[in-house]
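Q: attaching a predicted model along with its sequence, questions to come.
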Amino acid sequence: MVQKNNGLVYALTVLILTWGVTAALFIQPSIGLKIFPLIMFIPAAVAIIFTISGRKGVNGFKKKMNAKALLFGILYPFVFILLCAGLAQLLEIGTLNADKLPDGKMLVTIVITILLNLFTVLGEEYGWRGYLLPQFTEQWGKTKATAILGIIWALYHAPVVFFLAKTTGIGHPLLLCLIQAGCVFAISFPFSYCYYLSGNIIPVLFLHSVWNVINTNVLGDIYTNKHGMMNGNIVLYNGEGLLGLVLGGLFIYWFIRQFKKEERHLVSRSL
């Protein structure tokens with residue numbers, strides 16, 4: 001029973017630590033605003049402790065990644081975010097600021113930032129997709145594992161979104177928490193799909209890094225209330241805002257179909 005519940009014990013440990021650390025950081029909002037990214041390393045730190053203590057290991061580097069997984073990890077966030085930008089223009093909830101369009105120097109900076117940010121997102125992905133997702137998948141299958149991890153991942157983000165909203169004044173804190181939680185739940189499906197394509201977390205690191213960097217540069221930073229290349233209400237058109245929630249929710253159906261198709265294929269091969 002202990003072995004079976006390792007994943008849930010891990011998740012609860014991460015959530016308690018994250019909520020506690022976030023609350024402590026934002027006792028002084030100015031300090032919390034500067035160093036809140038530190039919580040991104042909690043999932044990895046707890047996964048390492050659980051691995052050392054013998055509660056299963058991290059599977060994310062055991063298999064070789066493939067080109068399909070890596071291409072998906074890089075292209076999916078680009079396409080999704082550009083789609084949000086195009087729809088924002090069409091729906092007139094956001095407008096492109098021509099003065100902020102990237103030049104050659106900025107493009108190089110963005111690429112370098114994506115590569116450097118791989119280390120930062122490893123703090124989450126080593127825990128979520130490297131340690132927890134394989135355990136949940138073994139126990140519940142791909143769709144249910146992804147949904148449960150999506151809920152946990154959303155709860156993990158909730159306190160920092162709440163305190164940042166209060167600090168920056170971007171919107172109603174509880175409403176923003178709900179919208180962003182829905183986005184995190186929805187995006188957990190492409191993240192899982194990317195992992196399942198190879199069983200390696202490196203493509204997922206690229207997905208996470210490209211998402212973080214491109215989303216903030218194009219659609220703005222919903223955490224710190226800073227605009228990117230688009231002008232308007234960030235909460236409405238951001239990839240982690242209302243438009244991102246709607247689009248991500250629509251794409252869930254396709255990913256569930258892929259999970260079920262892959263599981264049927266595995267069953268037929270085992271017969």
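A: Thanks, I have the structure now. Residues are numbered from 1 along each chain as shown.

Q: would you map the helices across this protein?
A: Ranges of helices in the chain, per DSSP state H, are 6-25, 29-35, 42-52, 67-90, 104-127, 133-140, 142-168, 173-198, 202-218, 234-237, 242-270.

Q: which helices and strands does the helix or strand of the chain with the lowest mean pLDDT pack with?
A: Across the helices and strands of the chain, mean confidence by mean pLDDT, DSSP states H and E is lowest for helix 242-270: a mean of 86. Here helix 242-270 touches helix 67-90, helix 142-168, helix 173-198, helix 234-237, going by 3 or more CB pairs under 8 Å, 6 or more residues apart in numbering; DSSP states H and E. Bear in mind the C-beta positions are built from the backbone N, C-alpha and C, glycine included.

Q: which one of those lies nearest to K34?
A: When these are compared by CB to CB, helix 142-168 sits nearest K34, at 10.6 Å.

Q: deepest of the helices of the chain, which one?
A: Greatest average neighbour count among these goes to helix 202-218 (a mean of 24), per mean count of other CB atoms under 10 Å.

Q: could I get the helices and strands packed on helix 242-270 as a markdown table with distance to P134 and mean pLDDT?
A: Output for the helices and strands packed on helix 242-270, formatted as a markdown table (distance: least, CB to CB, whole Å; pLDDT from 0 to 100):
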| stretch | distance to P134 | mean pLDDT |
| --- | --- | --- |
| helix 67-90 | 15 | 96 |
| helix 142-168 | 9 | 94 |
| helix 173-198 | 8 | 95 |
| helix 234-237 | 34 | 94 |
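
Q: adding distance to G244, write those out as CSV.
A: Formatted as CSV, those follow (distance: least, CB to CB, whole Å):
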stretch, distance to G244
helix 67-90, 6
helix 142-168, 13
helix 173-198, 5
helix 234-237, 8
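
Q: T224 is nearest to which of those helices?
A: Comparing the helices and strands packed on helix 242-270 under CB to CB, the one sitting nearest is helix 142-168, at 6.0 Å.

Q: just want the angle from the closest one to helix 133-140.
A: Angle of helix 142-168 versus helix 133-140, following axes from the mean of the first three to the mean of the last three CA atoms, to 10 degrees, is 130 degrees.

Q: now do helix 142-168: which elements does it pack against?
A: Applying 3+ CB pairs under 8 Å, 6+ apart, one finds that helix 142-168 contacts helix 6-25, helix 29-35, helix 133-140, helix 173-198, helix 242-270.

Q: looking at those, which is closest to I48?
A: Comparing these by CB to CB, helix 6-25 comes nearest, at 11.2 Å.

Q: report the angle between that closest one and helix 104-127.
A: Using the same axes, to 10 degrees: helix 6-25 against helix 104-127 is 130 degrees.

Q: good, we can wrap up now.
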